[in-house]
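> Need the 3D shape of this:
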Amino acid sequence: MALRFRPLLLLTTAAAISAGCAVEVQNRQPAQEIAQAAKPPGSVYTGWRVFQDRCAGCHGAAGTGSDKAPDLLPRVQTMGARSFVSRVLYRYDWGLPAAQAAGESAAREALVDEILQRRQGTLQMPAWQGEPRVQAHIADLYAWLSARAQGTQPPGRPVP
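The predicted model follows:
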């Protein structure tokens, strides 16, 4: 009996399609891929864990600064992943513009002189290139700080 209805079903479907009745299927995969590509690389949760272990002692648990170190969120908000990695792993900018801090500038040399003459305190921010945990999770640190800076991650522990 089921075989008798099959040609009828095919005929009805063909008639509906030729009459202008169409079935619309929405493909959401491209939108999800675009949203995923816009996120920074790395894990927000792992970045939070590394930050709590290595950075929170100075920058505060939420990354908003303390009496020892500045608020990182405004800085990270305008910084791309490449700049973040460079600053954290290879140099501390000493409060100078990047061009001056990177080279042998007069402003950098003056700051070094002030430190050596003890007119300025020592700089506490380490370059993390020799620290294996920070090096291994630098993209995760950026993911967490970037999410905090963009307002998509509230203070506190993220969901793993």
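> looking at this structure, which helix or strand is least sure?
Lowest on mean pLDDT, DSSP states H and E among the helices and strands of the chain sits helix 98-102, with a mean of 54.
> got the domain boundaries for this protein?
Domain assignment for the chain, taken from automatic domain parsing, gives 39-91+127-155, 94-126.
> And those, which one averages the lowest pLDDT?
The weakest mean pLDDT among the domains of the chain belongs to domain 94-126, with a mean of 59.
> so L72 sits right up against H59, yeah?
Yes. Using Cβ atoms under 8 Å, L72 is in contact with H59, at 5.5 Å. (C-beta placed from N, C-alpha, C; glycine too.)
> Need the residues touching each of those two.
Residues touching both L72 and H59 (Cβ atoms under 8 Å, 6 or more residues apart in numbering): G65.
> how long is stretch 69-83 from one end to the other?
Length of stretch 69-83, first residue to last, Cα to Cα, to the nearest Å: 19 Å.
> cool, and stretch 55-74?
Taking Cα to Cα, stretch 55-74 runs 16 Å from one end to the other.
> now do stretch 58-74
Stretch 58-74: ends 16 Å apart by Cα to Cα.
> now swap in stretch 66-77 and tell me
Stretch 66-77 has its terminal residues 18 Å apart, counting by Cα to Cα.
> all strands for the protein, in order.
For the chain, no strands are identified by DSSP state E.
> Tell me where this structure has helices.
2-18, 29-38, 44-54, 56-59, 73-77, 81-90, 98-102, 106-116, 132-136, 138-150 (DSSP state H).
> for the closest residue to S43 other than its chain neighbours, what are its contacts?
In space, and not counting its chain neighbours, S43 is closest to D140: 4.9 Å by Cβ to Cβ, 6 or more residues apart in numbering. By Cβ under 8 Å, 6+ apart, the contact set of D140 is 42-44, 46-47, 50.
> Can you give me the distance of D140 to F51?
Counting by Cβ to Cβ, to the nearest Å, the separation of D140 from F51 is 9 Å.
> mind checking how far the spatially closest residue to T46 that is not a sequence neighbour is from A106?
Excluding the flanking residues, the one nearest T46 by Cβ to Cβ, 6+ apart is D140, at 4.0 Å. Distance from D140 to A106, counting by Cβ to Cβ: 37 Å.
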